[in-house]
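Trainee: sequence and computational prediction follow.
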Amino acid sequence: MAATSIKDLQAIEVLDSRGNPTVRVFATLENGVRVSASVPSGASTGEYEAVELRDGDPTRYGGKGVLKACANVMEVIAPALRGMDAREQLAIDRTMIELDGTENKARLGANAILGVSMAVAKAAAVSEGEELYRYLGGSEARRLPVPCMNILNGGEHADNSVDFQEFMAVPHGAPSFSEGLRYVAETFHTLKKILEAKGYSTAVGDEGGFAPNLGSNEEAIELIVEAIEKSGYKPGIDISIAIDSAATSFSTDKKGHYNLKWSGAGEMTSDDLIALAKEWVAKYPIILWEDPLAEEDWEGFAKFTKELGDKIEVVGDDIFVTNTKFIRRGIEEHTANASLIKLNQIGSVTETVDAVRLCIEHGWRAFLSHRSGETCDSFLADFAVAMGTGHLKSGSASRSERLAKYNRLLEIEAQLGPDALYYWK
Ligand SMILES: O=C(O)[C@@H](CO)OP(=O)(O)O
Ligand SMILES: [Mg+2]
């Protein structure tokens with residue numbers, strides 16, 4: 001038996017940043033290495049995401065407990081993986097997928113499977129004496145992602161009058177990751193002052209961006225442009241704006257019809273939203289737009305990409321759910337030109353790497369992402385450098401579970417020294 005063989009897997013229920021239960025897995029190897037990994041959880045989830053197994057027992061956390069998923073780690077997954085070499089990520093993930101036997105990890109739970117998958121990767125890296133980003137990405141892994149900082153929240157992540165879920169500041173013109181992070185953290189602080197001066201609330205949403213009751217969605221962009229300028233940066237040159245509409249959350253049929261219910265702007269079709277986006281992209285320094293339309297609006301998405309895909313990055317999240325089956329269809333149908341990438345949407349490290357690779361091989365971009373429910377696990381930061389796709393979203397500068405990733409990236413940048421790369425495209 002190799003020293004790096006899996007000796008034991010434990011799992012406990014911990015709480016995420018929304019106070020909901022999630023899975024933390026501890027992997028112990030024969031060599032004595034013991035590490036843990038914690039699984040994030042989304043709110044604006046796609047219909048076809050891998051299944052997050054919840055207990056459904058109303059007497060515990062309103063049914064949201066994850067004791068069954070934890071039991072699956074210890075009683076079903078651990079016996080199957082014991083003795084396997086932790087460095088065999090592919091074989092380990094494949095074994096769990098087969099053990100689960102469903103299309104969407106509904107039996108064992110994607111939360112159980114991903115927790116093990118991440119913990120095993122970490123344990124293998126520690127055993128090899130390598131940093132996780134190097135272990136997963138090889139010796140060439142040295143590109144830091146541009147931190148797309150979500151500074152204004154709406155939609156299902158906030159309790160306000162903004163329909164679009166995320167407005168991000170993107171410091172693509174900064175000379176390095178740490179400088180980029182400084183640019184957008186400063187912009188975040190300036191935005192707070194602007195909101196205060198206008199009498200708006202500075203309470204924050206799930207991902208730590210401000211969640212004021214604005215007069216319109218467009219006002220969010222105007223305020224961010226003002227914050228960029230007042231921080232001493234040039235909009236469009238130093239910092240641009242990225243939007244995640246999370247349009248599924250305000251679609252009435254998940255296809256071509258929408259109701260911008262939070263702002264009261266009312267009903268719109270895909271064509272209306274495309275026209276609005278065209279107007280905004282012409283007027284404001286927008287560099288990326290995620291989920292401009294709903295998860296089953298393949299036609300609208302392709303139209304959107306035809307109109308705007310040569311000007312901005314068009315990202316599919318709910319529509320692709322980090323699943324190569326849907327990304328492949330998107331590539332064939334020119335649905336977008338990028339995919340959001342979330343480990344827990346598909347449920348294993350190997351399948352997430354496959355999704356990133358598929359994007360890169362077809363000239364698409366891969367936008368790595370946290371979830372709105374997070375823990376202080378910084379796996380995602382290392383994973384972003386390992387994948388080297390150049391951009392990541394991890395929320396704002398006001399919450400520790402978001403900063404855990406940004407701060408880990410600062411550490412990686414310091415380790416890499418002059419070898420660190422930083423560029424948008
Ligand atoms: O829609 C998104 O992109 C994510 C992360 O920002 O939100 P959630 O985790 O709620 O799906
Ligand atoms: Mg999204």
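Mentor: Looks like it came in fine. Please read these numbers as outputs of a predicted model, since none were measured by experiment. Ligands and ions are numbered 1, 2, ... in the order given.
Trainee: hey, let's count contacts and neighbours off CA atoms from now on
Mentor: Will do.
Trainee: residue in the stretch 301-425 of the chain nearest to ligand 1?
Mentor: The nearest approach of the stretch 301-425 of the chain to ligand 1 comes at R371, 3.3 Å away (C-alpha to the nearest ligand atom).
Trainee: ramachandran coordinates for that residue?
Mentor: The phi/psi pair for R371 (degrees, to the nearest 10) reads phi -120, psi 170.
Trainee: hmm, it is touching S44, no?
Mentor: No - judged on C-alpha atoms under 8 Å, R371 makes no contact with S44 at a distance of 9.1 Å.
Trainee: so which of the two has more stuff around it?
Mentor: R371 (23 against 18; other C-alpha atoms under 10 Å).
Trainee: ok, the more buried one to G209 distance?
Mentor: 14 Å (C-alpha to C-alpha, to the nearest Å).
Trainee: cool, and F250?
Mentor: F250 sits 20 Å away from G209, going by C-alpha to C-alpha.
Trainee: more neighbours: these two, which one.
Mentor: Using other C-alpha under 10 Å as the criterion, F250 and G209 rank with G209 on top: 29 against 22.
Trainee: for that one, give its distance to N153.
Mentor: 5 Å.
Trainee: rewinding a little: got the contact list for the residue nearest to the residue of the stretch 301-425 of the chain closest to ligand 1 when sequence neighbours are not counted?
Mentor: Leaving aside its sequence neighbours, R371 sits nearest to G42 (C-alpha to C-alpha, 6 or more residues apart in numbering; 5.0 Å). Residues near G42 by C-alpha atoms under 8 Å, 6 or more residues apart in numbering: 371-373.
Trainee: roughly how far does the residue in the stretch 101-250 of the chain positioned nearest to ligand 1 sit from T190?
Mentor: Residue of the stretch 101-250 of the chain nearest ligand 1, by C-alpha to the nearest ligand atom: A246 (5.6 Å). Using C-alpha to C-alpha, we find A246 at a distance of 26 Å from T190.
Trainee: okay, these two: which has more neighbours?
Mentor: Remark: of A246 and T190, A246 carries more neighbours, 28 against 20, as counted by other C-alpha under 10 Å.
Trainee: ok, the more buried one - contacts?
Mentor: Residues near A246 by C-alpha under 8 Å, 6+ apart: 44, 155, 164-165, 290-294, 318.
Trainee: mind redoing it with 7 Å?
Mentor: 164-165, 291-292 (C-alpha atoms under 7 Å, 6 or more residues apart in numbering).
Trainee: what segments of the stretch 251-400 of the chain are strands?
Mentor: Under the criterion DSSP state E, counting those that start in this stretch, the stretch 251-400 of the chain contains strands at 257-260, 266-269, 286-290, 313-316, 338-341, 365-369, 391-393.
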